[in-house]
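K.L.:
curious how this folds, go ahead:
(one chain, ligands or ions: 1)
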Amino acid sequence: MMPKDMKEHLKEVIEQSERPREQVVNIIYALQRHYGYLSDEALHEAAEILSMSPLEIEELATFYDFIYRKPVGKYVIHACDGVVCWMFGEGSMVDYLCRTLQVKIGETTADGLFTVLPTACIGYCDNAPAILINAKPYGNLTPDSIDRILETFRNRQPALEEVR
Ligand code: FES
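P.N.:
Residues are numbered from 1 along each chain as shown. Below you'll find the predicted structure:
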């Protein structure tokens, strides 16, 4: 269950909005940040405070690539599956990531670090092939540079806000 103060804050956001339904995605994101993904519980909480049906929330949640209905790893890799990024040279970039990390699309690595999700063009075509890792873009990728980036994340010290 979301904390009481969070619920009050989100209700306030909705009430102050001229068109409350326009807040749906913001509310879903806030819940996703809290739970780590949009769990069934979070989906029902969103429906309740927005006075919408769980089915309406589900339809929106499954429409957006960046809303996760299943638990994800610490680092979510959105691998661009757009046509400009197909010039990867090792088959598709999504296939390479899955092969390297030994996961299927949508799965999380056994160490809980990486989830691989394909996505449509991320608007970084001039730096194709490109991926997003936790919303940060990485471009001009090759198999070698992907390996280096993944290694950097594996060795990364947790940021201060992650250890608090
Ligand atoms: S097609 Fe990959 S960033 Fe645009």
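K.L.:
can you name the residue of this structure nearest the ligand?
P.N.:
At 2.5 Å from the ligand, Gly82 is the closest residue in the chain, using C-beta to the nearest ligand atom. Where C-beta positions appear, they are placed from N, C-alpha and C, glycine not excepted.
K.L.:
quick one: residues contacting the residue most central in space within the chain.
P.N.:
Centroid-nearest residue in the chain, with C-alpha atoms, centre = their mean: Phe66, separated by 4.2 Å. For Phe66, the contact set (C-beta atoms under 8 Å, 6 or more residues apart in numbering) comprises His78.
K.L.:
wouldn't the residue of the chain closest to the ligand be in contact with Tyr124 here?
P.N.:
No: counting by C-beta atoms under 8 Å, Gly82 does not reach Tyr124; the two are 9.3 Å apart.
K.L.:
now do the contacts for Tyr35.
P.N.:
Per C-beta under 8 Å, 6+ apart, neighbours of Tyr35: Glu41, Ala42.
K.L.:
near the residue of the chain closest to the ligand, how many residues? Count them for me, please.
P.N.:
Neighbourhood size, Gly82 [other C-beta atoms under 10 Å]: 17.
K.L.:
for it, which non-adjacent residue is spatially closest?
P.N.:
Excluding the flanking residues, the one nearest Gly82 by C-beta to C-beta, 6 or more residues apart in numbering is Cys121, at 3.5 Å.
K.L.:
so for the one you found, what's the pLDDT?
P.N.:
We have a pLDDT of 94 for Cys121.
K.L.:
Ala79 now?
P.N.:
Looking at Ala79, its pLDDT stands at 95.
K.L.:
go on, the one 4 residues further on?
P.N.:
With respect to pLDDT, Val83 scores 89.
K.L.:
for the one 4 residues further on, same thing?
P.N.:
Met87 carries a pLDDT value of 79.
K.L.:
what of Met93?
P.N.:
Listed pLDDT for Met93 reads 90.
K.L.:
need the contact list for the residue nearest to Leu31 when sequence neighbours are not counted.
P.N.:
Leaving aside its sequence neighbours, Leu31 sits nearest to Ala42 (C-beta to C-beta, 6+ apart; 4.1 Å). Each residue near Ala42 by C-beta under 8 Å, 6+ apart is listed here: Met2, Ile28, Leu31, Gln32, His34, Tyr35.
K.L.:
no more questions from me, cheers.
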